[in-house]
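> What follows is a predicted protein model with its sequence.
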Amino acid sequence: MFQALPHIGRARALQGSAAAFVVFGLLLWWLLPLGESSPGGTVSFSTGARNGVYQRYGELLQKELADDMPRLNVKLESSEGSQQNVEWVATGQAQFTIAAADAVEKYKLANGPGADQLRGCARLYDDYVHVVVPRTSSVDSIKGLRGKKVAVGPPGSGVRLIAEHVLDAAGIDLEKDITPVPDGIGTAPELLEEGEIDAFFWSGGLPTSAVTDLSTDFDIRLVPIGEDIVEELHKQGKESRYYRAALMPADAYPRAQAGRAVPTVAVANLLITRADTDAKLTEGLTRTVIDSRDHIGGEVHAAQLVDLRTAIYTDPLDLHEGAQRYYRSVKP
């Protein structure tokens, strides 16, 4: 009996070592994935204008992706906005971007190069149309812009596209009935404050920091876009079918709105890519976009509206294969 004790001790020691090895292996597997590694390489993400929501969203998403996919280098590319973003992804100049649904539809209807390759990853948040004037301005409707000097955004921006449609719905020819200025959110607020323009259009998430900042330094108002304009927009057909009537909440810009909600027009933003983008990469990026909603939303409030339940509705684009994989993986 006493001779067997050393053998039992050795057996227990071996069993303990084996157990420790298993625990160590599991811990190693958890800390250092031994299966497929995360996607690597460099991808280009087209954002938007300086001081715009797309730009800030892209910067914050870049940080989130650095944590989730550390082998991936995300290169941000500034652009004029939605229309240019769509073109860049369709032609392969960028792999991912954010663009408004109306700009996507316009490109598809025009059968632009690579239009058939465009795919959706997620519906993000809505852009709201802002028409900003000095508080002392006599302009109280879109029709009141006739004869004024108005910043309507760069030619490749989503702002320009929606400004053209809204003005047309009010019976105003952008080239003949106003003096159009091709400035966007990066410079238009300063031009308004200095009296160089009478008004500017902007289409972006709420609130847009450049508009908030302007309202703290200069008295401004937001011109309402009424139901009559929305009805005319829908009569235009084509990409205008993606515009919907909306109310800009009273607390979006407290100094500018004086506690009143402002009727306006909204359009959905989509995260888009190409059909030939790697499925694993697209799955991972889509996951990060959804999972980082609260982190990004702390600085870009519009991002708080990203919702897993509505993210799959990327009309007018079909979902990318990688995005489909992600949504299936989290389906209740």
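Received it, and whenever you're ready, just let me know what you need. Please read these numbers as outputs of a predicted model, since none were measured by experiment.

> Helices of the stretch 151-300 of the chain, start to end?
Per DSSP state H, counting those that start in this stretch, the stretch 151-300 of the chain carries helices over the ranges 158-169, 188-193, 209-217, 227-236, 254-257, 279-291, 293-297.

> between the ones you listed, which gets nearest to Gly147?
Smallest distance to Gly147 across those (CB to CB): 12.4 Å, for helix 158-169. Yep, even glycine has a C-beta here, placed from its N, CA and C like the rest.

> where does the protein have its least confident helix or strand?
helix 5-31 (a mean of 44; mean pLDDT, DSSP states H and E).

> Give me the buried stretch members for the helix or strand just after it, please.
Counting by DSSP states H and E, the next helix or strand C-terminal to helix 5-31 is strand 41-46. Of all the residues in strand 41-46, those buried under the rule 16 or more other CB atoms under 10 Å are Val43, Ser44, Phe45, Ser46.

> same check, this time on stretch 112-119
Of the residues in stretch 112-119, Gly112, Gly114, Ala115, Leu118, Arg119 count as buried by neighbour count, 16+ other CB under 10 Å.

> distance between that stretch and the chain's centre?
Between the centre of stretch 112-119 and the centre of its chain there are 19 Å (CA atoms, centre = their mean, to the nearest Å).

> what does that stretch contact?
With contact meaning CB atoms under 8 Å, 6 or more residues apart in numbering, stretch 112-119 is reached by 86-87, 89-92, 104, 107-108, 272-277, 317-320, 323.

> Of those residues, select the buried ones using a PyMOL command.
Restricted to buried positions by 16+ other CB under 10 Å, the PyMOL selection for these reads:
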select buried, resi 86+87+89+90+104+107+108+272+273+274+277+317+319+320+323
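
> quick one: low-confidence parts of this structure?
Scanning the chain for pLDDT under 70 picks out 1-37, 332.

> re earlier: including distance to Leu206, could the buried residues of strand 41-46 go into CSV?
Listed next are the buried residues of strand 41-46 as CSV, based on distance: CB to CB, whole Å:
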residue, distance to Leu206
Val43, 28
Ser44, 28
Phe45, 22
Ser46, 22
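
> Looking at these, which is nearest Pro263?
Proximity of these to Pro263 (CB to CB) peaks at Ser46, which lies at 31.3 Å.

> Is that closest one in contact with Gly92, as I believe?
No: using CB atoms under 8 Å as the test, Ser46 is too far from Gly92 to be in contact (11.5 Å).

> Out of the buried residues of strand 41-46, which is nearest to Gln304?
Lowest distance from Gln304 to the buried residues of strand 41-46 (CB to CB) belongs to Phe45, with 20.6 Å.

> So what pairs up with the closest one in the strands?
Leu76, Phe96 (DSSP bridges).

> beta partners of Asp126?
Beta-bridge pairing of Asp126 under DSSP bridges involves Ala268.

> got a list of what it touches?
So Asp126 contacts Gly205, Ala246, Ala266, Val267, Ala268, Asn269, Ala302, Leu305 (CB under 8 Å, 6+ apart).

> Name the residues of stretch 227-236 that are buried.
Ile229, Val230, Glu232, Leu233.

> Widest-spaced pair of the residues you listed?
Longest span within those, CB to CB: Val230 and Glu232, 7.3 Å.

> Is Thr310 in contact with Leu124, as I believe?
No: using CB under 8 Å, Thr310 makes no contact with Leu124, being 9.6 Å away.

> Which one's more surrounded, those two?
Shown here are Thr310 and Leu124; by other CB atoms under 10 Å, Leu124 has more neighbours (25 against 14).

> And for the nearest residue to that one once chain neighbours are set aside, the neighbour number?
Computed as CB to CB, 6 or more residues apart in numbering, the closest residue to Leu124 that is not its neighbour in sequence is Asn269, at 4.5 Å. For Asn269, the number of neighbouring residues by other CB under 10 Å comes to 29.

> quick one, what contacts Ala246?
Contacts of Ala246 (CB under 8 Å, 6+ apart): Asp126, Tyr128, Pro263, Thr264, Val265, Ala266.

> tell me the SS of the residue nearest in space to the middle of the chain?
Among the residues of the chain, the one closest to the centroid is Ile98, at 4.6 Å (CA atoms, centre = their mean). Under DSSP: H, G, I helix; E, B strand; the rest coil, Ile98 falls in the strand class.

> for it, what are its contacts?
Counting by CB under 8 Å, 6+ apart, Ile98 has contacts Thr47, Gly48, Tyr54, Tyr57, Gly58, Ser82, Asn85, Leu124, Asn269, Leu270, Leu271, Ile272.

> If anything else comes up later, I'll come back, but that's it for now.
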